[in-house]
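J.: sequence plus the predicted model coming up.
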Amino acid sequence: MTPEELLKPRYQVIVYYPFSTYSVGDILYQADSKVWFGSVNPETGNLENRIHINVIEACPNVFKKLKWWVYRDLEDMPAYVRWRHSGLTHKVLEWKPNKRNTSWMCNINTGYVYLSDILPAIMS
C-alpha cells in the first residue's frame with residue numbers, strides 16, 4: 001500500500017445500533033468521494049452499505065477512528081517511516097506486530113519504536 005492509502009481514515013463499528021447494516025467489528029473504509037465510507041464486500045472488493053462522514057462523526061460511541069497501522073497485514077506496512085515532528089525518514093528493518101495486528105513496532109536503525117509518532121513514508 002502507498003503511504004496515501006495507509007493514511008486514509010478508517011472507522012470500526014464498536015457497538016450495534018438499531019437498523020444497522022454493519023456488524024460489530026466491521027471496518028469502514030473511505031470511498032473516493034472522501035465523505036462516504038463503507039464496508040468492503042469480500043467477493044467483489046467494492047464498498048457497500050455506505051454511510052456519510054457526518055453520521056460517523058456524530059456517533060463516536062458507535063464508530064471508533066482507527067490509527068493508520070491498526071488491523072493491517074505485514075504486506076501492507078510501509079518500507080519507510082517518517083517521524084511526525086522532525087520529518088526524518090528511516091528505512092524499516094523489521095515490523096513486529098502484536099497478536100491481533102492492533103499494535104506494531106518497527107525496527108529502524110535506532111532500534112524498535114512504537115508508531116504513535118510515526119507516519120508511513122516513501123524514500124525521496
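T.: Ah, there it is.
J.: what strand or helix carries the closest residue to residue 49 other than its chain neighbours?
T.: Spatial nearest neighbour of residue 49, chain neighbours left out: residue 21 (4.3 Å); criterion: C-beta to C-beta, 6 or more residues apart in numbering. Backbone N, C-alpha and C define where each C-beta goes, glycine included. Here residue 21 sits in a region with no helix or strand, counting by DSSP states H and E.
J.: what helix or strand is the closest residue to residue 47 other than its chain neighbours on?
T.: For residue 47, ignoring the flanking residues on the chain, the nearest one in space by C-beta to C-beta, 6+ apart is residue 38 at 3.6 Å. According to DSSP H and E, residue 38 maps onto strand 36-40.
J.: which positions in the next helix or strand after that strand come out as buried?
T.: Downstream of strand 36-40, the next assigned helix or strand under DSSP H and E is strand 47-52. By 16 or more other C-beta atoms under 10 Å, the buried positions in strand 47-52 come out as 47, 51.
J.: distance between strand 47-52 and the chain's centre?
T.: With C-alpha atoms, centre = their mean, to the nearest Å as the basis, strand 47-52 stands 17 Å off its chain's centre.
J.: report the next helix or strand after it in sequence order.
T.: Next in sequence after strand 47-52, counting helices and strands by DSSP H and E, comes helix 53-58.
J.: helices or strands up against that following helix?
T.: Counting contacts by 3 or more C-beta pairs under 8 Å, 6 or more residues apart in numbering; DSSP states H and E, helix 53-58 packs against strand 36-40.
J.: avg pLDDT for the strand it packs on?
T.: The average pLDDT within strand 36-40 is 90.
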